[in-house]
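1. any chance you could fold what I've pasted below:
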Amino acid sequence: MVAGLALAFGALSISVRTAPVHAEGKTLRWILNGPAVATFSTDATAQAFFANTQPFVVVRKDLTVDIPASWGALKTQIFPSYRQFERAVTNGKIDPQTKAVLYDNEAWQFTPQEEQDNLADNAQRFAELAHQHGYQVIVTPAVDLATSQQQPGEKRFATFLRLNIPAAAAKYADVYEIQAQGSQVPPSVFASYISGAAQQARAANPKILVFAGISTNPSGHKVTADQIVAAIRATRDVVDGYWFNVPQKNPTCPNCNDFRPDIAIDVLKQLQSSH
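-> Numbering: from 1, shown residues only. Take a look at the predicted model:
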């Protein structure tokens, strides 16, 4: 994920009409990003599906898209480090249409080691600065932050929960997104991890909205629309929404395979028909 980006938006006025209900009876919120936004914004199924859901739409300067006004989209910018966000605020580099900022702390070259090692402090600093400037705050620490502290035989998701990373991330934020897409198959494993992370986050911050990550290409693995829908059905009563990742190979996702928006559209059709 790349920060400091800009996107040409259509009107972003929020509709007061009732949002549609998806995923068998539950109204879901969404985070959308990347090239998939261009597909979703022009596909009839996606246009109808996201209408009045107020999705957080992540901006990209290399992708100019007119987002349907009917979505009530909230323009969002990603920052992989607090330092980068602070510089952007100080230098006036955040688009004035931006409504939310996302702190994407991961064990990668885009996040300074100090921030990887001190997630709680930096998540608080990020949230406090963002709130001072009127932004909604989304935090999405990656599971790989726990890798260095895995115990013998321990799964990284279990380490992530043992270290209370969800609680630390969610405490001062408005939205906590669980980067769990790497565990979405089988759905039982996905549901177990999501449940544990959501419980921690809400204990730390009862007002938090909890999203889960789903993907057409999780960690470079091929999945089907049926498998993604199964993961959603297993967790829809636990979370408030999903980050629908439809990745393609790039510097922030070197293990990604083919770009598959067709799988994403199939997922939306299944969710819509199940309702």
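
2. helices or strands up against the helix or strand containing residue 264?
-> Following DSSP states H and E, one finds residue 264 within helix 261-274. Packing partners of helix 261-274 (3 or more C-beta pairs under 8 Å, 6 or more residues apart in numbering; DSSP states H and E): helix 36-42, helix 44-49, helix 225-235. For the C-beta atoms, the positions are set from N, CA and C on the backbone; glycine is no exception.

3. confidence score at the residue sitting furthest away from the middle of the chain?
-> In the chain, residue 152 marks the outermost C-alpha relative to the chain mean, sitting 29.9 Å out by C-alpha atoms, centre = their mean. Residue 152 carries a pLDDT value of 93.

4. same deal with residue 143?
-> 93.

5. burial check on it, number of neighbours?
-> Using other C-beta atoms under 10 Å, residue 143 has 25 other residues around it.

6. again with residue 110
-> Residues near residue 110, counting by other C-beta under 10 Å, number 17.

7. shift numbering so it begins at 59
-> Sure thing, new numbering starts at 59, so read that last one as residue 168.

8. which residue, neighbours along the chain excluded, lies closest to it?
-> Nearest non-adjacent residue to residue 168, counting by C-beta to C-beta, 6 or more residues apart in numbering: residue 138, 3.8 Å away.

9. so how many other residues sit close to the one you found?
-> Residues near residue 138, counting by other C-beta under 10 Å: 24.

10. what do you get for the one 3 residues further on?
-> Other residues near residue 141 number 16, with proximity taken as other C-beta under 10 Å.

11. which SSE is it in?
-> Going by DSSP H and E, residue 141 is part of helix 140-148.

12. kindly report the same for residue 243.
-> Per DSSP H and E: nothing holds residue 243, as it lies in no helix or strand.

13. my read: it touches residue 289, true?
-> Yes. The pair residue 243 / residue 289 is scored as a contact, 7.2 Å apart, by C-beta atoms under 8 Å.

14. from residue 174, how far out is residue 166?
-> According to C-beta to C-beta, to the nearest Å, residue 166 stands 9 Å off from residue 174.

15. the two: which is more packed in?
-> Set residue 166 next to residue 174 and count neighbours by other C-beta under 10 Å: residue 174 wins out with 19 against 16.

16. verify the stated contact: that one with residue 204.
-> No. With contact defined as C-beta under 8 Å, residue 174 does not reach residue 204; the gap is 10.5 Å.

17. list the buried residues for the helix holding residue 141?
-> Across helix 140-148, burial judged by 16 or more other C-beta atoms under 10 Å covers 140, 141, 142, 143, 146, 147.

18. ok, then the element right after it?
-> strand 158-161.

19. for that next one, report the contacting residues that lie outside it.
-> 89, 114, 116, 132-137, 140, 143, 152, 180-181, 184-185, 188, 193-198, 231-233, 235 (C-beta atoms under 8 Å, 6 or more residues apart in numbering).

20. how about stretch 184-198?
-> Counting by C-beta under 8 Å, 6+ apart, residues outside stretch 184-198 touching it are 89, 114, 132, 134, 137, 140, 143-144, 147, 152, 156-163, 181, 227-228, 230-237, 269, 271, 301.

21. mind saving the C-alpha coords of that stretch as CSV?
-> What follows is stretch 184-198, C-alpha atoms only, in CSV (Å, rounded to 0.1, in the frame of the first residue of the first chain):
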residue,chain,number,x,y,z
PHE,A,184,-1.3,9.1,14.7
ALA,A,185,-4.9,9.1,16.0
GLU,A,186,-4.5,12.2,18.1
LEU,A,187,-3.0,14.2,15.3
ALA,A,188,-5.6,13.0,12.9
HIS,A,189,-8.5,13.8,15.2
GLN,A,190,-7.0,17.3,15.8
HIS,A,191,-7.5,17.9,12.1
GLY,A,192,-10.9,16.3,11.8
TYR,A,193,-10.1,13.1,10.1
GLN,A,194,-11.6,9.7,10.9
VAL,A,195,-8.8,7.2,11.9
ILE,A,196,-8.4,3.7,10.5
VAL,A,197,-5.7,1.5,11.9
THR,A,198,-4.6,-1.7,10.2
